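Q: could you work out the structure for the sequence below:
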Amino acid sequence: MHMFQSYKLEKNGEDYTLVLNLDPSMTLGEFGKEFLSDENERKSLEESVKKYVSKNFNNLKVTAAKVMVGGILITSVSLGQGVIPSHGQTSSQSLNENISVTIDGKPQTYTQSPVVVNNIVYVPLRSLAQSIGASVWFNSTSNTVGINKGDTQIAFIIGSSVARKNGTQISMPGSSIINGTIMAPVTFLGEHLDFKAIWNAQTRTITITTSNNFNHVVVPGDTLWRLSQTYKVSIDSIKSANNLKSDVLMVGQNLIIPTSTNNLESSNLTYTVKSGDTLWRISQAHNVTVDAIKSANNLRSDIINIGQTLIIPTNTPKNNSVTTYVVQPGDSISSISSKFNVSSQDILRFNYMNPGEWLDAGQTIYISDFAPRDFAISPFEDTSPKRVGKLVDWFRDGQYLIKRGDTLLITDVDTGKQFKARMIGGYNHIDIEPITRADTQVMQELFPTWRWEPRAVVIFKDGMNIAASLSGMPHAHNTITDNGVTGHFDIYLLNSKPHNTTTSQVYINQHMDMVNKAAGK
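A: The predicted model follows:
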């Protein structure tokens, strides 16, 4: 039988006072105040208190304890600077341990911070219950708490090491009250209320998932794309489940891997989007309708991303409607758009054409979707940036692989120095700006004096290393105001052109020489 029936913690600055309630059935409690006259009993109780604190609160600075029975204060025990933690630990941690909690990818904010005691994470019970769709009740007379979720009911006395689940006794880590808030062991609750709670001591993060998901701890070499391929889910779904704002992962990071759209018992197929794919092309290849794919993947538009994993539903009728047109003498983009009631912009986009580009009689163009195409390079061919890249024609491939707003990692071929830049525009070539002052500093190391003469560089984006040429002269407008430089810079790929027709051919040739150098030629 346990001597202490329940307890609560009271915070006093950085210290804590532990209030212990004796089990009324214990002999010690039957004596009430008479116990105080027995010095041996007092010392025995004090030793029990110290052992209890050392065993259960070695991460907290508990400096005093009060022993109660039936609402009567039996004794107070001074613990000085706190009980020295067991197992060789020598430091105490305060209540606010900067523990991060996420539930289904959403960060949680609690008025009472979670705590860790003996590597067990305690969170505010009522706040947790609200987040997972459970209800809580509390009987202050008996110090009994209950949490109900679905058909499961768990009840326990504050501080007790046992609980009852649907009437059956089970063991549990003792709960507590801190600053008036009931704190419960979250992993224990997860085991019995059908949610997962994963504690990462390195990142001090507790990750809670309530859906049919599972977790992955990031190891060296992991990327979102690799995880999406391994678990057959989309990159976007992993980012959404973990509230990720970028593609950067940290070793040791706990990731939720959503599986609600990846039922392994389903007869549905999965497909990973590749360069040049469209929903229409995928629907034709898998004998399904575009609407069926959009519905299965909860897509709100026709936009899909390279590396994205799509569910391909089976047993749906095939959509055979596709419109192509053979260009006739005298045709123009405008006349064809009027003929098919399709915008000129869509026809240009579907056929990878620029405004003003001529059509050839006999040429087949696509009216309702993108024309098939094969790129010279495929995303995720490489896992890291290199100092040699592939030749990519800007007009045929590059402008579709690198788009306005993209963040690029740029490696100098000669020195290996790297910096990040953002594409801010450009039609005939890429206009970039270094993102931070640190990025600008790297550029200044490459170009001690700003100059037009270019250097060979390699662009790393989406697992692709692309041969390029970078000029070192900031010019014209800029959009990033705090990066330490005014203006933007030019990057050329194979066959890129200047924006101005009066630009020297010598300058263009210099860029092409550097592009070839970056390709190892």
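Q: contacts only, for Leu279.
A: The neighbours of Leu279, taking CB atoms under 8 Å, 6 or more residues apart in numbering as the test, are Val290, Ile293, Lys294, Leu299, Asp302, Ile304. The way it works is simple: take the backbone N, C-alpha and C, and place the C-beta from them, glycine included.
Q: quick one: the third one and Arg300, what's the gap?
A: Look at Lys294 and Arg300: by CB to CB, to the nearest Å, they are 8 Å apart.
Q: out of these two, which sits in the busier spot?
A: Remark: of Lys294 and Arg300, Lys294 carries more neighbours, 17 against 7, as counted by other CB atoms under 10 Å.
Q: tell me the SS of that one?
A: Using DSSP: H, G, I helix; E, B strand; the rest coil, the structure places Lys294 in helix.
Q: chain neighbours aside, what residue packs nearest to it?
A: Leaving aside its chain neighbours, Lys294 sits nearest to Leu279 (6.8 Å; criterion: CB to CB, 6 or more residues apart in numbering).
Q: now Glu10
A: Excluding its sequence neighbours, the residue lying closest to Glu10 (CB to CB, 6+ apart) is Thr17, at 4.4 Å.
Q: what of Ile410?
A: Closest to Ile410 by CB to CB, 6+ apart is Val457, at 5.2 Å.
Q: can you give me the helices for the stretch 301-450 of the chain?
A: For the stretch 301-450 of the chain, the helices defined by DSSP state H, counting those that start in this stretch occupy 333-340, 344-350, 399-401, 437-446.
Q: beta-bridge partners for Val115, please?
A: Note on Val115: beta-bridge partners by DSSP bridges are Tyr122.
Q: please begin residue numbering at 32 from this point
A: Sure thing, new numbering starts at 32, so read that last one as Val146.
Q: tell me how far it lies from Ile208.
A: The value you get for Val146 to Ile208, if CB to CB is used, is 12 Å.
Q: now do the shared contacts for these two.
A: In contact with both Val146 and Ile208: Met214, using CB under 8 Å, 6+ apart.
Q: contacts only, for the closest residue to Ser326 other than its chain neighbours.
A: Spatial nearest neighbour of Ser326, chain neighbours left out: Pro344 (7.7 Å); criterion: CB to CB, 6+ apart. By CB under 8 Å, 6+ apart, the contact list for Pro344 reads Asn299, Val319, Ala323, Ile324, Ser326, Ala327.
Q: out of those residues, which end up buried?
A: The neighbour-count criterion (16 or more other CB atoms under 10 Å) marks Asn299, Val319, Ala323, Ile324, Ala327 among the contacts of Pro344 as buried.
Q: among those residues, which one lies nearest to Asp413?
A: When these are compared for distance to Asp413 (CB to CB), Ile324 wins out at 29.2 Å.
Q: is it true that the closest one touches Leu341?
A: Yes - under the criterion of CB atoms under 8 Å, Ile324 makes contact with Leu341 at 6.2 Å.
Q: okay, and the common contacts of those two?
A: Residues touching both Ile324 and Leu341 (CB under 8 Å, 6+ apart) are Ile313.
Q: show me where the stretch 182-331 of the chain has strands.
A: 183-188, 193-196, 199-202, 207-209, 212-216, 227-231, 236-240, 245-248, 285-288, 300-303 (DSSP state E, counting those that start in this stretch).
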